[in-house]
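Undergrad: Predicted model and sequence below, questions to follow.
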Amino acid sequence: MALTTVLEILDLKGLLLFVVAFLVVADFLKHRKPPNYPPGPFSLPLLGNIFHIDSKQPHIYLTKLGRVYNNIFSLRLGRDKVVCITGYKMVKEALVTQAENFVDRPHSPMQERVGGSNVGLFSSNGEMWKKHRRFTLSTLRNFGLGKKTLELAILEESRFLLDEMDRQKVTGQHWPTLTAIRYKTTETTQNIFFCVPQKKEKVEKVQEEIDRVIGQSQELSLANRANMPYTDAVIHEIQRLGDIVPLNALRVADKDTTLGKCFIPKGTAVLPILHSVLFDENEWETPYKFNPGHFLDKEGNFVRREAFMPFSAGKRVCLGEQLARMELFLFFVSLFRKYRFSAPEGEKFNLDGVMGITRTPHPFKIHATAR
């Protein structure tokens, strides 16, 4: 009786070992890499690299891996494989130079269950995506994009915000958070108040330029931007350091191709790491410091930088970029023309940010004082 029980236990263990061995071998065969496929860190059978990634700061971890693997590497996330690309040159190669090959999104079973397949501007592909894109552009133009009417609407919104701030001061209410602004503009506006109060000398230079070009009585206009290179540079540097979309979104290779001498088979999911572009040590003189000089030449004129990609690049570049740039300039100048902003005594800023669909600052307090 005892012998029979022992044999049954051994048979059960043997069966389990066989099943595990079979699954491991099957997993290995299924995920064998083709010749010259991008290298990557060791992945666990069945699970891949899913437990290796820092869930709080994934963009930092992936950027560091990019330095190890010459800006292109592969990961396994469960049963799915993804190729990550980092650094300005590699990301530009995929999104701009090979734009047609990497314009589509990979198939997502979850997206299909939740919202259907090939729907929406973000998730659709092919002709459906082109239709959504044309419709979105048409709608933005109907709302006044590129016209004076939209500029006037943004200025009106900025006046509402200033009036609300004045009202709170008159009634004795403290203005400790960015609740009002959070609902009126973008995450980048939060970063304005997060970065700027810590750079007093740069704020003073911005306000000197505002006073010189516009003054306190002249009507603000987008046309002023051409004569305010330092202010424009500060806004761009805030966007760069703000890094609100550090991971971008997945693309898929439409055909067999190469990136950085690595073979990318058709159907491969590719993830561009925009954080690695905005902090590329080969493109930015002081990538980890707040430095408006990144966007100024020796004469103090504003200069565009190709590695400035907060809105992504190529055919899937954010269609709201022009609107966002209008809002940022008009809100920024309106607020800093009227107020001085400072951090309360003892307030410490957490620079890590909170990762979600976008990266936003941790909650913080700030003082606004009329100039």
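TA: All right, it came through fine. Residues are numbered from 1 along each chain as shown.
Undergrad: I'd like the distance between the residue positioned nearest the centre of the chain and Ile357.
TA: Centroid-nearest residue in the chain: Val245, 1.2 Å away (criterion: Cα atoms, centre = their mean). According to Cβ to Cβ, to the nearest Å, Val245 and Ile357 sit 9 Å apart. (Each C-beta comes from the backbone N, C-alpha and C, glycine too.)
Undergrad: same deal with Gly87?
TA: Relative to Ile357, and taking Cβ to Cβ, Gly87 is found at 24 Å.
Undergrad: same question, Asn227
TA: Asn227 is 36 Å from Ile357, by Cβ to Cβ.
Undergrad: So between these two, which is more surrounded?
TA: Taking other Cβ atoms under 10 Å, Asn227 and Ile357 do not tie; Asn227 has more neighbours (12 against 9).
Undergrad: Read off the pLDDT value for the more buried one.
TA: On pLDDT, Asn227 comes in at 97.
Undergrad: Give me the neighbour count for the nearest residue in space to it that is not next to it in sequence.
TA: In space, and not counting its chain neighbours, Asn227 is closest to Val213: 5.0 Å by Cβ to Cβ, 6 or more residues apart in numbering. Residues within reach of Val213, counting by other Cβ under 10 Å, total 16.
Undergrad: looking at it, Val213 is touching Asn224, isn't it?
TA: Yes: the criterion here is Cβ atoms under 8 Å, and Val213 meets it with Asn224 at 5.8 Å.
Undergrad: which regions of the stretch 251-371 of the chain sit below the pLDDT cut-off?
TA: 351 (pLDDT under 70).
Undergrad: repeat that with 80
TA: 342-354, 356-357, 360-367 (pLDDT under 80).
Undergrad: rewinding a little: identify the residues contacting the residue nearest to the centre of the chain.
TA: 274, 310, 312, 358-359 (Cβ atoms under 8 Å, 6 or more residues apart in numbering).
Undergrad: Report the separation between the nearest residue in space to Gly300 that is not next to it in sequence and Arg371.
TA: Computed as Cβ to Cβ, 6+ apart, the closest residue to Gly300 that is not its neighbour in sequence is Pro229, at 6.0 Å. Distance of Pro229 to Arg371, computed by Cβ to Cβ: 22 Å.
Undergrad: Those two: who's more crowded?
TA: Pro229 (19 against 11).
Undergrad: For the more buried one, give me its contacts.
TA: Residues in contact with Pro229 (Cβ under 8 Å, 6+ apart) are 296, 300-302.
Undergrad: Against His294, how distant is it?
TA: 12 Å.
Undergrad: can you check Leu155 too?
TA: The value you get for Leu155 to His294, if Cβ to Cβ is used, is 28 Å.
Undergrad: neighbour count winner among the two?
TA: Neighbours were counted for Leu155 and for His294 using other Cβ under 10 Å; His294 has more, 21 against 18.
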